[in-house]
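> need a 3D model of the following:
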Amino acid sequence: MKTDAGQPADTEHVTDLPSDSLEASRHGETGAPDLAQPPPARGLSTKLLSLTILFVMLAEVLIFVPSVANTRMRWLQDRLNTAGAASVVLDGMQEMRLPQPIREDTLMATGTKAIALKKDGMSRMLISADMPLEVDRQYDLAAVSPLDAVVDAFDELLFGGDRIIRVYGPIAGHPDLIIDIVMADAPLRQAMASYARNIFFLSVLISVFTAGLVFFAINRLLIRPIRHMTVNMQAFSSDPENPALIISPRGVKDELGLAERHLAAMQMQLQGTLRQQRHLADLGLAVSKINHDMRNILTSAQLISDRLANLADPMVRMLAPKLLRTIDRAVAYSGEVMAYGRAREAEPRRRFINLAALANEVRDILAEEAGSGIEFLLAIPEDLEVEADSEQLFRVLYNLCRNAVEALRADMADDAALVRRIELRASRRGGVVEITVSDTGPGMPQRAREHLFKPFRGSARAGGTGLGLAIARELVLAHGGSIALAETADHGTTFHIQLPDRPVPLDTFRARA
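Numbering: from 1, shown residues only. Have a look, this model is predicted:
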């Protein structure tokens with residue numbers, strides 16, 4: 001914001017967002033989602049328990065399918081073996097006709113309606129019921145593939161019960177004898193249904209038991225810590241400035257323990273940021289009040305300096321222009337305090353300026369403050385021009401050089417043999433101007449290096465604010481440049497600045513060409 005020197009701006013707000021809106025948004029009172037605990041039916045524990053039961057049941061199904069097929073095959077093979085044992089006895093009685101009661105007892109004992117024996121390529125009916133038989137299905141147990149066994153098992157289980165089936169295959173222990181039986185499938189289906197029912201209830205029992213164990217273990221290892229972190233985050237979001245609400249990490253080394261430690265570190269960092277923002281807000285309010293009265297004082301000083309410039313004293317005529325420029329800059333800075341309070345600087349008004357003349361002005365102003373014990377060395381070509389905002393670049397160089405002056409004045413002030421020198425160098429490489437500001441002071445402390453360019457944290461001296469470096473970096477970045485601390489020895493500090501010229505638009509370049 002820029003106003004005339006004689007018209008001080010009575011503005012004391014340093015933020016565009018009202019404080020009540022900031023407080024409401026920080027505490028989640030405007031448009032906040034529902035953060036209540038989910039009902040038990042929708043909780044993670046219930047989902048985990050249901051999924052565990054489902055997956056165990058799926059595993060049981062994969063076991064159940066082949067086991068039902070094997071049960072059917074074993075049942076049929078047992079019938080063949082029983083009938084085979086009876087057929088051996090009946091085969092020895094070839095010339096005898098068995099009485100009806102004996103035939104009925106034999107068929108009932110074997111669970112068949114007819115028994116035939118194939119021996120030496122000849123097939124012979126050993127015993128059969130008197131009624132004619134119509135076979136619905138027939139199975140060769142000697143040539144059954146696994147897939148056919150599964151298909152036949154489920155066909156029997158789902159659609160059987162009232163069929164007459166024929167089953168044939170070799171007798172156990174007599175591979176040269178083929179036994180052929182005809183039987184009703186009702187007992188087979190009943191046995192398979194009983195087996196399937198037992199397997200089902202056993203699977204449910206195993207699933208519930210396994211899910212209970214998995215649920216207990218995962219609930220203890222995962223759900224409880226996650227719920228603890230969720231409750232902590234909800235409580236912390238309601239009052240993020242309360243140190244007592246920072247989560248206390250458990251002493252575990254797993255991923256959840258790592259997450260808790262990261263959450264605690266993030267909460268501590270957030271509290272530090274909130275304290276810093278509150279400090280900045282208080283500082284902005286204080287600066288606004290000071291700015292209001294300071295502009296009035298500077299306006300009076302400007303009027304007095306104008307009158308001093310008209311005096312005939314040669315010394316006054318020599319110093320008055322510098323005093324006027326200094327007061328004008330102070331007025332301009334005071335007018336731009338609000339812009340910095342809104343965390344942004346004015347857009348640079350870039351022009352080609354003589355860098356040597358600007359550096360001389362910085363040196364002349366600081367020379368009065370530094371005294372005779374500090375040497376200023378300018379190694380800048382007289383014809384070097386840089387495309388930049390004159391006032392903003394002056395602030396960059398002034399802040400860096402003033403930090404160097406304060407560091408040199410505080411470094412063993414009683415030792416007259418120390419070399420106290422501030423050096424400004426500059427050169428142009430194509431479309432980039434490189435500026436170096438260095439000093440022979442004590443160097444940058446490690447803590448200041450870690451928080452470089454951060455307001456109120458990157459100060460290199462006790463009592464400093466670190467705003468000078470933060471302002472310098474913001475102004476350099478606004479020009480599209482870069483600023484960095486060079487790696488130096490234990491003593492001395494060197495900053496490198498690069499300021500590129502603005503690129504020429506393609507249309508302008510073509511027009512010039």
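> any low-confidence regions in the stretch 251-400 of the chain?
285-310, 316-317, 320, 324, 331-345, 368-372 (pLDDT under 70).
> can you give me the neighbour number for Leu485?
Leu485 has 15 neighbouring residues, counting by other C-beta atoms under 10 Å. C-beta here means a position set from N, CA and C on the backbone, and glycine is covered the same way.
> and if you look at Asp140?
So Asp140, with other C-beta under 10 Å, has 13 neighbours.
> from Asp148, how far off is it?
Counting by C-beta to C-beta, to the nearest Å, the separation of Asp140 from Asp148 is 10 Å.
> for Leu157, same thing?
Distance, Leu157 to Asp148, using C-beta to C-beta: 15 Å.
> same check, this time on Leu400
For Leu400, the distance to Asp148 - C-beta to C-beta - is 89 Å.
> next: Ser427.
90 Å.
> before we move on, what about Leu319?
With the distance defined as C-beta to C-beta, Leu319 ends up 112 Å from Asp148.
> what residue ranges in the stretch 401-513 of the chain score low on pLDDT?
Using pLDDT under 70, the flagged stretches of the stretch 401-513 of the chain are 411-416, 455-466, 488-490, 504, 506, 508-509, 512-513.
> can you pull out the strands in it?
421-429, 432-439, 482-485, 493-500 (DSSP state E, counting those that start in this stretch).
> same for the third one, what does it pack against?
Contact analysis of strand 482-485 by 3 or more C-beta pairs under 8 Å, 6 or more residues apart in numbering; DSSP states H and E lists helix 467-478, strand 493-500 as its packing neighbours.
> re earlier: higher neighbour count, Leu400 and Asp148?
Leu400 (24 against 13).
> could you give the separation of the host helix or strand of the more buried one from the chain centroid?
In this structure, Leu400 is located in helix 390-410 according to DSSP states H and E. Relative to the centre of its chain, helix 390-410 is centred 41 Å away, using C-alpha atoms, centre = their mean, to the nearest Å.
> same deal with stretch 203-221?
From the chain centre to the centre of stretch 203-221 is a distance of 31 Å (C-alpha atoms, centre = their mean).
> Ile53 contacts Ala211, doesn't it?
Yes. Proximity of Ile53 to Ala211 meets the contact threshold set by C-beta atoms under 8 Å, at 4.6 Å.
> residues contacting the closest residue to Leu475 other than its chain neighbours?
In space, Leu475 comes closest to Gln392 once its chain neighbours are excluded; the distance is 4.6 Å by C-beta to C-beta, 6 or more residues apart in numbering. Contacts for Gln392 (C-beta atoms under 8 Å, 6 or more residues apart in numbering) come out as 345, 348, 475, 478-479.
> show me which strand runs longest in this protein.
In the chain, with assignment by DSSP state E, the single longest strand is strand 174-184.
> and that one, what's buried?
By 16 or more other C-beta atoms under 10 Å, the buried positions in strand 174-184 come out as 177-184.
> measure Val150 to Phe200 for me?
On the measure of C-beta to C-beta, Val150 and Phe200 end up 17 Å apart.
> mind listing the residues bridging to Ile171?
Beta bridges link Ile171 to His174 when assigned by DSSP bridges.
> and for it, the neighbour number?
Around Ile171 there are 18 other residues, counting by other C-beta under 10 Å.
> Arg351 too?
11.
> residue contacts, it?
Contacts here follow C-beta under 8 Å, 6+ apart; on that basis Arg351 touches 387-390.
> just among those residues, which is most surrounded?
Ranked by neighbours (other C-beta under 10 Å), these are led by Ala388, which has 27 neighbours.
> wait, what's in contact with it?
348, 350-351, 353, 479, 499.
> with only the CA atoms kept, save stretch 206-219 in PDB.
The C-alpha trace of stretch 206-219 is given here as PDB (Å, rounded to 0.1, in the frame of the first residue of the first chain):
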ATOM      1  CA  ILE A 206     -14.200 -73.700  12.800                       C
ATOM      2  CA  SER A 207     -15.000 -70.300  11.000                       C
ATOM      3  CA  VAL A 208     -16.400 -68.700  14.100                       C
ATOM      4  CA  PHE A 209     -13.600 -70.100  16.300                       C
ATOM      5  CA  THR A 210     -10.900 -68.900  13.900                       C
ATOM      6  CA  ALA A 211     -12.600 -65.600  13.300                       C
ATOM      7  CA  GLY A 212     -12.800 -65.100  17.100                       C
ATOM      8  CA  LEU A 213      -9.100 -65.700  17.500                       C
ATOM      9  CA  VAL A 214      -8.100 -63.500  14.600                       C
ATOM     10  CA  PHE A 215     -10.500 -60.800  15.800                       C
ATOM     11  CA  PHE A 216      -9.100 -60.900  19.300                       C
ATOM     12  CA  ALA A 217      -5.500 -60.700  18.000                       C
ATOM     13  CA  ILE A 218      -6.100 -58.000  15.400                       C
ATOM     14  CA  ASN A 219      -8.400 -56.000  17.700                       C
END
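> mind listing what's buried in that stretch?
207, 211, 214-215, 218-219.
> of those, closest to Glu434?
The nearest member of the buried residues of stretch 206-219 to Glu434, counting by C-beta to C-beta, is Ile218 at 60.2 Å.
> ignoring the adjacent residues along the chain, who's closest to the closest one?
Leu48 (6.0 Å).
> hang on, the one you found packs against Gly212?
No. Contact between Leu48 and Gly212 fails when scored by C-beta under 8 Å: they sit 11.3 Å apart.
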